[in-house]
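K.L.:
need a 3D model of the following:
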Amino acid sequence: MGLAGRAIPITLSDSSQTGNARRQAISLADSLGFDEIPLGQLGIVVTEAARNIETHATEGEIILTPWRHGESAGIDVLALDKGKGIENIAVSMQDGHSTAGTPGNGLGAMARLAGVFQIFSAPGAGTAIFARIFAKANQQASPDAEDLGSICVPIPGETLCGDAWDMHRAPGRTVYIMADGLGHGPIAAEASQEALRAFRANARHSPERILSEVHGALAKTRGAAVSVAEILHEQRILNYAGAGNIVAAIGLHGKTRSLVSMNGTVGHSIGRIQQFPYPWEKDSMLIMHSDGLGTRWNLESYPGLSSRHPALLAGVLFRDFSRKRDDATIVVSRI
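P.N.:
Predicted coordinates:
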């Protein structure tokens with residue numbers, strides 16, 4: 001499955017979807033080999049998250065993202081809505097607090113059961129909840145997964161996603177790739193998966209060289225938009241090479257700097273493959289997404305969000321900018 005598998009989005013518009021969300025979460029957890037106790041914890045977290053949306057927002061979405069890295073595995077749960085928001089998160093976390101006549105144990109219970117738990121909410125602008133449930137009792141996340149979040153979903157009606165991403169870590173260096181196969185469905189997925197195969201075979205090289213190798217490998221496919229980012233941690237440099245409409249930016253203290261991609265279709269026609277260097281400061285984060293998300297987001301519109309877990313940031317941007325008419329992938333990482 002790699003670091004993260006294809007996410008499962010579940011739209012919540014009525015109470016019948018709460019049971020559906022729980023069943024899908026349990027089925028996914030079974031496929032990852034969850035222990036019995038974490039399995040029960042996951043079921044409670046998803047049920048409470050769904051009820052929260054039903055009670056306070058009328059409609060919203062739960063996204064389940066499975067991940068596995070080394071000996072660590074788990075499921076990231078995102079509960080996203082555009083409801084009235086939470087005025088005081090600290091008060092809402094207290095057991096017994098409720099604004100809807102319910103027992104008021106939801107958020108507090110979710111926080112206790114999750115390995116990682118965070119909320120971002122603003123009055124009138126909705127709520128995003130992130131809960132990471134580990135597959136094994138008393139498990140800690142791999143360092144490679146602690147500061148990273150992702151969502152990768154196919155266009156509605158498809159089971160295969162035409163987008164794909166991967167990462168490679170070595171001492172002092174992290175490299176990322178994101179590929180968006182032209183179109184969607186199996187043929188697009190074939191192109192993006194071929195890009196990942198070429199990346200894995202050439203991950204030790206520079207982004208410029210990797211993109212060149214991917215370009216050659218994709219000649220037999222429909223082609224794709226592809227971007228490669230390399231972080232050299234000791235040198236504090238990010239090197240970037242891309243072609244097509246993958247969006248990438250460096251976020252730092254609530255501000256972003258966009259990274260330059262060239263025009264063209266990898267595997268078919270690229271005017272020029274060129275690598276660009278950017279400064280990478282201590283608290284920087286990399287944001288990459290396919291064109292399944294709109295580009296008009298601005299971190300300054302979400303005060304405090306950039307300091308939260310990358311998965312929470314990915315969830316908020318997905319909630320607010322997913323086009324819902326294409327495959328959509330977003331990766332946010334400080335690694």
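K.L.:
please tell me how far residue 68 sits from residue 135.
P.N.:
As judged by Cβ to Cβ, to the nearest Å, residue 68 and residue 135 stand 8 Å apart. Backbone N, C-alpha and C define where each C-beta goes, glycine included.
K.L.:
need the helix or strand of this structure with the lowest average pLDDT.
P.N.:
Taking mean pLDDT, DSSP states H and E as the measure, the chain has helix 143-146 as its least confident helix or strand, at a mean of 60.
K.L.:
ok so, going back, who touches both of residue 68 and residue 135?
P.N.:
Shared contacts of residue 68 and residue 135, defined by Cβ atoms under 8 Å, 6 or more residues apart in numbering, comprise residue 32.
K.L.:
of those two, who's got more company?
P.N.:
When neighbours are counted by other Cβ atoms under 10 Å, residue 68 and residue 135 differ, and residue 135 comes out ahead with 21 against 18.
K.L.:
so who does that one touch?
P.N.:
Counted by Cβ under 8 Å, 6+ apart, residue 135 has contacts 29, 32, 33, 34, 35, 38, 72, 73, 74, 75.
K.L.:
of the residues you listed, which belong to helices?
P.N.:
Counting by DSSP state H, those place 29, 38 in helices.
K.L.:
can you flag the buried ones in the contacts of residue 135?
P.N.:
Among the contacts of residue 135, those classed as buried by 16 or more other Cβ atoms under 10 Å are 29, 32, 34, 38, 72, 73, 74, 75.
K.L.:
and which of those is nearest to residue 297?
P.N.:
Nearest to residue 297 among the buried ones among the contacts of residue 135 is residue 75, at 25.6 Å by Cβ to Cβ.
K.L.:
wait, what's in contact with the closest one?
P.N.:
Residue 75 neighbours (Cβ under 8 Å, 6+ apart): 25, 28, 29, 32, 42, 64, 65, 66, 67, 132, 133, 135.
K.L.:
please, where are all the strands along the stretch 51-200 of the chain?
P.N.:
Remark: strands assigned in the stretch 51-200 of the chain by DSSP state E, counting those that start in this stretch are 60-69, 72-81, 116-121, 127-134, 148-153, 163-170, 173-181.
K.L.:
save the ones you listed as TSV, and put in mean pLDDT too.
P.N.:
Compiled in TSV, the strands of the stretch 51-200 of the chain are given as follows (pLDDT from 0 to 100):
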stretch	mean pLDDT
strand 60-69	93
strand 72-81	95
strand 116-121	95
strand 127-134	96
strand 148-153	96
strand 163-170	96
strand 173-181	98
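K.L.:
sweet, I'm off.
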